[in-house]
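Novice: Here is my input, please return the structure:
(chains A and B)
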Amino acid sequence: MTPARVLMNFEVTATSHTLEAYRARGGYQALEKALRTLKPEDVTQMIMESGLQGRGGAAFPAGRKWQGIDPYDGQPHYLVANADEGEPGTFKDRWVLEYSPHTLLESMAIAAYSLGARHNFIYIRGEYDLPYRRLAAAVEEAYGAGLLGENILGSGFATDIFVFRGAGAYVCGEASSLLGSIEGSRAYPRNRPPRMTVSGLFGRPTVVNNVETLSTIAWIVDHGAAAFRAIGTPTSPGTRLLSVSGHVRRPGVYEVELGYAWGRFLHEDCGGIPGDRPLKAVIPGGISSQVLTGKDAKVLTADEMEGLTLDHDVLRKAGSSLGSGGMIVIAEGTCMVRLLQIMLRFYHHESCGQCTPCREGTGWMHRIIDRIVAGDGRPEDLERLYTIARANDGTTICGLGDAAGYATVAMLDNFGDEFAYFVEHKRSRHQGNIECPAS
Amino acid sequence: MPGIVIDGQALEAADGQTVMEAARAHGITIPALCWHPALSVDGSCRVCMVEVEGRGLAIACNLPVREGLAVLTDSEAVRAQRKLTLQFLTLNHPVDCGICDKAGECLLQDYHYAYNATPSVSNEPKLHATKHYSLGERIVLDNERCILCSRCVRFTREVSGSHVLGIEQRGDTSLIRPAAGRSLDEDPYSDNVIDLCPVGALLSRRFLHQSRVWYLTATPSICPGCARGCTVDVWHRRPDWQLQAVATHRNHAIARVTPRENPAVNGPWICNKGRDLADLLERLRALQPMVAGVPATLEEAMAAAREAIAAARHPLALVSTWGSNEELEAFKEHLGPLFTCRVKADHQRGPGEPGDDGLLIRADKNPNTSRARALFGEAPADTPGDTDLVLVWGEGFDGSTLPAGATTILLGSFEAPENVTAAVFIPLSILTERAGHYTNFEGVVSGFAPCFPAPATVTHAEELFPRLVPEGGRP
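Specialist: Residues are numbered from 1 along each chain as shown, chains lettered A, B, ... in the order given. Reported below is the predicted structural model:
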């Protein structure tokens, strides 16, 4: 495990999520520092200098997003924390929400100060029950201690945080769709332009950041941009929370310094693959990384993966990305056709139905793969899947359509022979296996 | 004024325009299903995809113009994507054009032939949905044909303001549905969604399976339902497709009414009353001229009328607010000097009928009050006690206000009990049988043309009035 820690830098106990414990480990110093010594634009500048990239999937520079907002333009601004962590394989934000909710609240207060946001929202997915209760309790604590609300820490600065529970739609993780959900309308992604920093929540400039991205702010303000830059690689500074699932001995949430060697992470930190099976593939950042980006859902084969480091640039060059940090490890002997079936069922089920290619394409691909798995595949099916997947590339309103397409293309590109085998022999080369027994 | 290039053609766009708007302003067609000039941008159908040179594909309807922007509307990439999009749109569409009222004027059908023109490449069974969902007394919804462009939803939100329609469920099982406990019948503009629907998903019950649209032709006309005077298209059987044996009455019946877009009056919309013009105009017609309730020829009736006018000492004329500008002017010229003229409201606002609603509907339910008042003044249409003759033109005359001993000359189009009791009754042609102009409440003059020939026994008011003047005038 890498030594540098930004978020998982304390021992988790039964009370470590409380305000008392958080303050005992230096919590809310950064907020105090920001309010007393920094101007709003200084904070943005600091985030810009830190090189912090979005942790939701797109790895867009957080500072650059913030610069889209002028805190002094006199109109309301909103800051929204995207805690609708719906990407399959991703559960890293949950760690923050459950074990360190005050990190998020403190960071949001700092960000609200920087952006001139009087009202802030945390959009948390409806399925997150314990995280919601912890978060709601933390908000109560913070208000009680004068860390939120009017006249925070005697500085005159006021900001409010609302916790908004989603109802379990994947598409609400897409930032603009999430805003619609908060507004009470149908959660459909919105066309760009306009950008959300121009017209977002209730038509006002809005910044939507991932929970992990926001939670890093307090540390950066506390320790300085240079200290953050010193962690990670020059192009990808800092650490990332990775939620590891699939065929590993020790699944869970890990904080790794960017640039960490992938092989070491899998075999030493995560304990390797049960039964010491060889690695077949890795989905490095959630099955589509994040609805926002798309281009990330690439599955990497074992050969591609060994020798890589966990770094935004490196993975991007390898044709994938760290995405949302939801890493799924796939051992040899897994049926990729069934895996794609599961993924496509997900995309079909979660397509919001607003724009044509995704609404019709995800269902179409799902029905084709269902037919293949049922042993009724036709030789032209694989070509058809390619065609449908590519028709979704860059032609939809949000990234969900792209993502479904990329996932399909990547699977077919890397494991085309397995799909062809299934179609030809009407059965799986791996007996339809998606499990990895320990023995 | 940013200069942009569309398909190599340089043109000046206006600031704030999208590529779609700029292209249309210059006569360049970019196909689109969800986009409509009078509604907000939805960007969901993805049919208007164009290629931004050097940047890839983007939807034209949400692409702001900027100096130097160069787009291609028919490049290889655009054609390929458009074709695939149409494959997607028809994937679960039933393609039951053979029994669909929209066939022949369906955008999806047109685009399919223009940009796809290949059968579906899908081997999968089509998804099924509600084939016949009632949206109230007027409209039925076929969810299988629906392509979820959301035009109807946006119409009820942005134009009519009733907010009745929305989308339920998600993905490829999304359904257009009325809001819980609401009905589209609440919306007096609901039928516009039938025209807005680019496919045959929203269907008029009135027009359902009544005719293929290619058997029909449209004649420009005006809705006489209120003082707005919306310009409409009255659709009726084409002369070259006249029915020869069965149901020949349909040859001279209104098949349907649609708005005729007119920014000065009604924009692209009309209200439901305008859709039901047949209810106003196809009532039981009065076709027989009568003298004292006894059938007579037109000549006899006119002679009797001239006689009565010549004999009257205090004649009063109640002028129709359904008369055209030409007819009102003819009346003024020929009969005006002979009568005390008053403007009469032919139609009153019915129970439950909307009044001024800020969109189109007006409380005055007559089309030409404006011109009639300009010619004949504002005086109320009551009958002075010494009146000995009342000439009533049009409907809306209350016979009980007639002074004792006075007689009436009735000029009307529809069966009414007063026709028989009048001294003289002369039948007139109706809106769909003549040409003319109306002046609406804002002073905008619009014209209407005849759809059908007038029955042989009726006369046009404009031709009748000069012939009612007694020889040598009134003594």
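
Novice: For the stretch 1-150 of chain B, what lies in contact range of chain A?
Specialist: Taking C-beta under 8 Å from any C-beta of the partner chain, the part of the stretch 1-150 of chain B that reaches chain A is made up of B:41, B:43-47, B:49, B:56-57, B:59, B:62, B:64, B:81, B:84-85, B:88-89, B:91-92, B:121-124, B:127, B:147-148. All C-beta atoms are positioned from the backbone trio N, CA, C, and that covers glycine.

Novice: Buried only: go through those residues for me.
Specialist: Burial by neighbour count, 16 or more other C-beta atoms under 10 Å in any protein chain shown: within these this picks out B:41, B:43-47, B:49, B:57, B:59, B:62, B:64, B:81, B:84-85, B:88-89, B:91-92, B:122, B:124, B:127, B:147-148.

Novice: What parts of the stretch 151-300 of chain A come near chain B?
Specialist: So the stretch 151-300 of chain A meets chain B at A:A169, A:V171, A:R186, A:N191, A:P193 (C-beta under 8 Å from any C-beta).

Novice: Can you lay out those as a markdown table showing pLDDT, distance to B:F465 and secondary structure?
Specialist: Shown next, in a markdown table, are those (pLDDT from 0 to 100; distance: C-beta to C-beta, whole Å; DSSP: H, G, I helix; E, B strand; the rest coil):
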| residue | pLDDT | distance to B:F465 | secondary structure |
| --- | --- | --- | --- |
| A:A169 | 92 | 69 | coil |
| A:V171 | 94 | 68 | helix |
| A:R186 | 92 | 59 | coil |
| A:N191 | 94 | 59 | coil |
| A:P193 | 91 | 61 | coil |
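
Novice: Which of these has the largest number of neighbours?
Specialist: A:V171 (26 neighbours; other C-beta atoms under 10 Å in any protein chain shown).

Novice: How is the chain divided into domains?
Specialist: Chain wasn't specified; assuming chain A. Split into domains by automatic domain parsing, chain A comes to A:19-229, A:336-425.

Novice: look at chain B instead
Specialist: B:3-89, B:94-103+B:122-209, B:290-467.

Novice: In TSV: these, plus mean pLDDT.
Specialist: Converted to TSV, those look like this (pLDDT from 0 to 100):
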stretch	mean pLDDT
domain B:3-89	95
domain B:94-103+B:122-209	96
domain B:290-467	94
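
Novice: For chain B, just list every one of the helices.
Specialist: All helices of chain B, identified by DSSP state H, fall at B:19-25, B:76-89, B:107-111, B:151-158, B:192-196, B:272-275, B:277-281, B:298-311, B:325-334, B:369-376, B:418-421, B:461-467.

Novice: What are the boundaries of the helices in the stretch 51-200 of chain A?
Specialist: Here the stretch 51-200 of chain A has its helices, by DSSP state H, counting those that start in this stretch, at A:62-67, A:92-99, A:101-115, A:129-144, A:175-183.

Novice: what sits against the closest residue to chain B within the stretch 151-300 of chain A?
Specialist: The nearest approach of the stretch 151-300 of chain A to chain B comes at A:N191, 4.2 Å away (C-beta to the nearest C-beta). The contact partners of A:N191, taken as C-beta atoms under 8 Å, 6 or more residues apart in numbering or on different chains, are A:I397, B:V41, B:G43, B:I59, B:N62.

Novice: Identify the residue spatially nearest to A:G89, adjacent ones excluded.
Specialist: Of all residues not flanking A:G89 in the chain, A:G326 sits nearest, at 3.4 Å (C-beta to C-beta, 6 or more residues apart in numbering or on different chains).

Novice: Who is the one you found paired with across the strands?
Specialist: Beta-bridge pairing for A:G326 (DSSP bridges): A:S243.

Novice: same check, this time on the one 5 residues further on
Specialist: Under DSSP bridges, the beta-bridge partners of A:A331 are A:L279.

Novice: for the stretch 1-150 of chain A, which spans come out with low pLDDT?
Specialist: A:1-2 (pLDDT under 70).

Novice: Which residue would be the closest one in it to chain B?
Specialist: A:G86 (13.8 Å).

Novice: which residues sit in contact with that residue?
Specialist: For A:G86, the contact set (C-beta under 8 Å, 6+ apart) comprises A:R125, A:A169, A:Y170, A:C172, A:G173, A:E350.
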